[in-house]
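Asker: The following comprises the amino acid sequence and a computationally predicted model.
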Amino acid sequence: MTLTVILAAAPAAGAGDFFAGPIGQLLPFLAIPVLFYFMLWRPQAQRQKEHQAKVQGVKRGDTVVLSSGLIGKVVRVETDEIGLEIAQNVTVKVVKAMIQDVRVRGEPAPANDSKS
């Protein structure tokens, strides 16, 4: 019976001393930047790298979505601009930074045509 009393009392005394000291009080303030790095900054940087790779990899024939919601087919690619066909014989110049997503590689088949 005395062994259980000693084992039960020992961790409580050690834990209380650690968190009552100066290191224990600073521990939450040191943990917050680490949590922010792993939960916010790092995932955001990874998404930004993936998006940058998509934008740099755009080629003629891709269908893209612009940040304004406009969807079109890439007909010309330059260093920092693309030519985007938004309707038949309607082409506009768009800055590559405005590309939000590359939807479909190549030309999709129209929904109302037969596949035979």
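Answerer: Right, received. Where do you want to start? Numbers count the residues shown, from 1 in each chain.
Asker: Neighbours of Gln100, how many?
Answerer: By other C-beta atoms under 10 Å, the residues close to Gln100 number 15. Using the backbone N, CA and C atoms, a C-beta is placed for each residue, glycine as well.
Asker: Just confirm it is within a strand.
Answerer: Yes - assessed by DSSP: H, G, I helix; E, B strand; the rest coil, Gln100 belongs to a strand.
Asker: Check which element follows the helix-or-strand element of the chain with minimal mean pLDDT along the chain.
Answerer: When the helices and strands of the chain are scored by mean pLDDT, DSSP states H and E, helix 2-20 comes last with a mean of 57. Using DSSP states H and E, the helix or strand that directly follows helix 2-20 along the chain is helix 22-36.
Asker: helices and strands around that next one, which ones?
Answerer: If you count contacts as 3 or more C-beta pairs under 8 Å, 6 or more residues apart in numbering; DSSP states H and E, helix 22-36 packs onto helix 2-20.
Asker: Tell me the secondary structure at the residue most central in space within the chain.
Answerer: In the chain, the residue lying closest to the centroid (C-alpha atoms, centre = their mean) is Arg47, at 2.6 Å. At Arg47 the chain is in helix, as set by three-state DSSP.
Asker: how many other residues sit next to the spatially closest residue to Val65 that is not a sequence neighbour?
Answerer: For Val65, ignoring the flanking residues on the chain, the nearest one in space by C-beta to C-beta, 6 or more residues apart in numbering is Asp101 at 4.5 Å. With neighbours defined by other C-beta under 10 Å, the count for Asp101 comes to 13.
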